[in-house]
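Asker: Generate coordinates for the sequence data below:
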Amino acid sequence: IPAYILAMYLADAAGRRPTFGCLTASCGLFCLISWSYPTEAGRLLFALCGKIFAAGSMCMVWLWSPEIFPTGARSLTTAIGSQACRVGSILAPYVV
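Answerer: The predicted model follows:
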């Protein structure tokens with residue numbers, strides 16, 4: 001829930017494209033930091049922060065993808081974006 005609130009606020013304040021880019025980059029950064037952090041508690045903290053940013057990025061995919069595609073391709077492209085987000089969230093614990 002905090003990720004969705006953060007994503008919606010940032011989307012209204014800064015725009016959809018910069019918000020999506022920042023959330024996705026922050027997710028990758030926090031996951032990379034959690035991978036190389038020396039203590040277990042720190043790894044957990046950074047991994048959970050990365051998950052928050054990943055959830056916010058997924059929220060932006062749901063919000064933004066219907067707006068950028070034409071009506072005929074809207075449902076297919078939204079489904080593909082959603083599936084890519086879900087596959088990434090399934091694979092993320094194995095990578096971290």
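Asker: In this protein, what helix or strand scores lowest on average pLDDT?
Answerer: helix 74-95 (a mean of 81; mean pLDDT, DSSP states H and E).
Asker: Give the other helices and strands that that one contacts.
Answerer: Packing contacts for helix 74-95, counted by 3 or more C-beta pairs under 8 Å, 6 or more residues apart in numbering; DSSP states H and E, involve helix 16-36, helix 40-68. Every residue, glycine included, has its C-beta placed from N, CA and C.
Asker: in that helix, what counts as buried?
Answerer: 78, 81, 85 (16 or more other C-beta atoms under 10 Å).
Asker: Same list (these) but as CSV, adding distance to residue 27.
Answerer: Below are the buried residues of helix 74-95 laid out as CSV (distance: C-beta to C-beta, whole Å):
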residue, distance to residue 27
78, 20
81, 15
85, 11
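Asker: So the residue lying farthest from the centre of the chain, which state does it fall into?
Answerer: If you look at how far each residue of the chain sits from its centre, by C-alpha atoms, centre = their mean, the farthest one is residue 72, at 25.7 Å. Reduced to three states with DSSP: H, G, I helix; E, B strand; the rest coil, the structure at residue 72 is helix.
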